[in-house]
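> Structure for the following, please:
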Amino acid sequence: VRPLHSSCICVVIAMAQQALISVFDKTGALAFAKTLSDAGISVISTGGTYKALEDAKIPVKKVEDLTRFPEILGGRVKTLHPSIHGALLAKPDLPDHKRDLDTHNIAPIQLVAVNLYPFVDVVSKPGVTLDDALENIDIGGHTLLRASSKNFSNVVIIVDPSDYAWIGDRIKDKGVAAITIEERKRLALKAFKHCCAYDSAISRYLEAGSDDASVSASGEATPSFPDTMTVTYQKKLDLRYGENPHQQAALYVHPSGGGIAAAELVQGQPLSYNNILDGEAALKAIKEFQEAGSVIIKHTNPCGLSLHDNQVEAYRRAFEGDSVSAYGGIVGFNRPLTLETVAAMKGVFYEVLLAPDFEAGVIDALASRAKLRVLRIPDLYKRVEQPDIRTVSGGVLLQTPNHPISYDDKAVLSEWKVVSKKQPTEAQMSDLLFAWRVSKHIKSNAIVVASGKELLGMGAGQPNRVQSIRLALKHAGDRGKGSVLASDAFMPFADNIEIASQGGVAAVVQPGGSIRDSEVIEAADKYGIALVF
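Just a heads-up that it's a prediction; the model follows:
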């Protein structure tokens, strides 16, 4: 068989080419469909997309024209038909496929543009019902994506509206054949990832609403972890490098949004891997408190934290917590940043500043700090419902998130027990709760010395608790006289209390649970320290 002249091939392909467009998100779809139509490609569509194309006077055929079968079940069944999927899955160069196409009068479809019902958007709305969620699970579109992606060598699959422009430009001159096999493969990969993320979102939603919980030995309900875990995140940006210069890194965002990953970079250089880690530490620490406050983070540990109605005073006290370590750190606020506070920070270099918002003139005032990255986090107190995941060699550890301690101070304190003869004052109990909240965000062995809702000193990451106590008291200095101390875990020996008393500590809070608790309590009584478990 002699091949046709190349010019004839182009004419035949143009005459035969078909494209199916069925999209929920119609961004750019009309312009793209017009490009296809102007290139001689026959456009097929369904439902709302068909109506939009028809209203725009773009030549379009209904799917029913191919299937010779109407939409049924209120539109649930539109494209689930052999005339459509035969056109997508066929390999025309295979004789048996060609024979089946001819026998059933099916013309191949060379291009498909599909995006799915917005399941995540729907289930993220308050008050959404299970029926609402189920109605927004796309079946036909999902099937079109998988079929087209499987046969990407013969079908160009488009799931991302941002791809319309370059594909349209290419098709204008040379038709669908202008899309190379490598480009088709990348488009198919994008489509399969889109399907995976979509299915994962459905799984997460159904798991979250499931009554399937395990029961502990004590008979209490415990969270049920899935037998198979699927995690999907969307890449937000590539980072210059990871924790160390030789490591590569990128930031991915969770579909539910919120948190440090959703922060808006208002000014400054791109964020680094360590900026994001420290920013996360600042966010978690400052949202631990409903009262107005300021936190300063260095290497993911709070080196300064203070609560005060006056933001300038809150910042000043946080800075005094460790003015040396503050240099090059991250400063965070849980109220909109004021011009007065910007002025108070003059002369101190910070890598990152984060706040829920900024008063008028603040961004302009910060513009002179070229190296300062400024982050806006409007939903600072948004509860991010995602598990804590930590990689280990050959696997991951999964745990429920460690949300802020209850903001109901009375409820929290009602669970505490004074075990010493000395009773803490009301002010000391308030400071103990403050110190306890702060200790949660310091690396163990964690010790916090505080007074007047101000972090005076902390000891972090030491191999023994005595060392952490000494470090915290050293930072506090003379201001530690009459202070309170919080320990993130039980004090194993009485010497912990003895050293605390030498630094002037008046009250201590710790979880208890040591086999030597009685000795620790005895030491507290000996030194006149109020001890709370």
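
> Please enumerate the strands of the stretch 351-500 of the chain.
373-376, 388-392, 395-399, 447-450, 455-459, 484-487 (DSSP state E, counting those that start in this stretch).

> If you average the pLDDT over the fifth one, what comes out?
Computed over strand 455-459, the mean pLDDT rounds to 95.

> Likewise for the third one?
Confidence over strand 395-399, taken as the mean pLDDT, stands at 90.

> if we can go back for a sec, what would the strands of the stretch 351-500 of the chain look like in CSV with mean neighbour count and distance to residue 205?
Using the backbone N, CA and C atoms, a C-beta is placed for each residue, glycine as well. As requested, the strands of the stretch 351-500 of the chain are exported to CSV (neighbours: other Cβ atoms under 10 Å; distance: least, Cβ to Cβ, whole Å):
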stretch, mean neighbour count, distance to residue 205
strand 373-376, 22, 29
strand 388-392, 9, 19
strand 395-399, 11, 18
strand 447-450, 32, 39
strand 455-459, 28, 40
strand 484-487, 29, 39
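
> could you dump those to a markdown table with distance to residue 179?
Below are the strands of the stretch 351-500 of the chain laid out as a markdown table (distance: least, Cβ to Cβ, whole Å):
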| stretch | distance to residue 179 |
| --- | --- |
| strand 373-376 | 40 |
| strand 388-392 | 37 |
| strand 395-399 | 38 |
| strand 447-450 | 60 |
| strand 455-459 | 59 |
| strand 484-487 | 62 |
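
> mind checking which of those strands is nearest residue 349?
Nearest to residue 349 among the strands of the stretch 351-500 of the chain is strand 373-376 (12.0 Å), distances taken as Cβ to Cβ.

> between the strands of the stretch 351-500 of the chain, which one is nearest to residue 334?
strand 373-376 (13.0 Å).

> what packs against that closest one?
Under the contact definition 3 or more Cβ pairs under 8 Å, 6 or more residues apart in numbering; DSSP states H and E, strand 373-376 sits against strand 264-267, strand 350-355.

> winner for burial among those strands?
Scoring the helices and strands packed on strand 373-376 by mean neighbour count under mean count of other Cβ atoms under 10 Å gives strand 350-355 as the most buried, with a mean of 24.

> Is it possible to get JSON lines of the helices and strands packed on strand 373-376 that adds mean pLDDT and distance to residue 325?
Output for these, formatted as JSON lines (pLDDT from 0 to 100; distance: least, Cβ to Cβ, whole Å):
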{"stretch": "strand 264-267", "mean pLDDT": "94", "distance to residue 325": "24"}
{"stretch": "strand 350-355", "mean pLDDT": "96", "distance to residue 325": "12"}
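
> what about the strands in the stretch 1-150 of the chain?
Under the criterion DSSP E, counting those that start in this stretch, the stretch 1-150 of the chain contains strands at 18-23, 42-45, 61-62, 111-115.

> Kindly reformat those as JSON lines containing mean pLDDT and mean neighbour count.
Compiled in JSON lines, these are given as follows (pLDDT from 0 to 100; neighbours: other Cβ atoms under 10 Å):
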{"stretch": "strand 18-23", "mean pLDDT": "89", "mean neighbour count": "24"}
{"stretch": "strand 42-45", "mean pLDDT": "87", "mean neighbour count": "23"}
{"stretch": "strand 61-62", "mean pLDDT": "85", "mean neighbour count": "16"}
{"stretch": "strand 111-115", "mean pLDDT": "89", "mean neighbour count": "25"}
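
> could those strands go into TSV alongside distance to residue 232?
As requested, the strands of the stretch 1-150 of the chain are exported to TSV (distance: least, Cβ to Cβ, whole Å):
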stretch	distance to residue 232
strand 18-23	21
strand 42-45	29
strand 61-62	34
strand 111-115	16
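
> Show me the shaky parts of this protein.
The model of the chain has pLDDT under 70 over residues 1-16, 75, 209-224.

> Can you give me the buried ones in stretch 426-436?
Neighbour counts over stretch 426-436 (16 or more other Cβ atoms under 10 Å) mark 428-436 as buried.

> The closest residue to residue 147 other than its chain neighbours: neighbour count?
Closest residue to residue 147 apart from its sequence neighbours, by Cβ to Cβ, 6 or more residues apart in numbering: residue 88 at 4.4 Å. Using other Cβ atoms under 10 Å, residue 88 has 24 neighbouring residues.

> residue contacts, residue 88?
Applying Cβ atoms under 8 Å, 6 or more residues apart in numbering, one finds that residue 88 lies in contact with 20, 109, 112, 144, 147-148, 151, 155.
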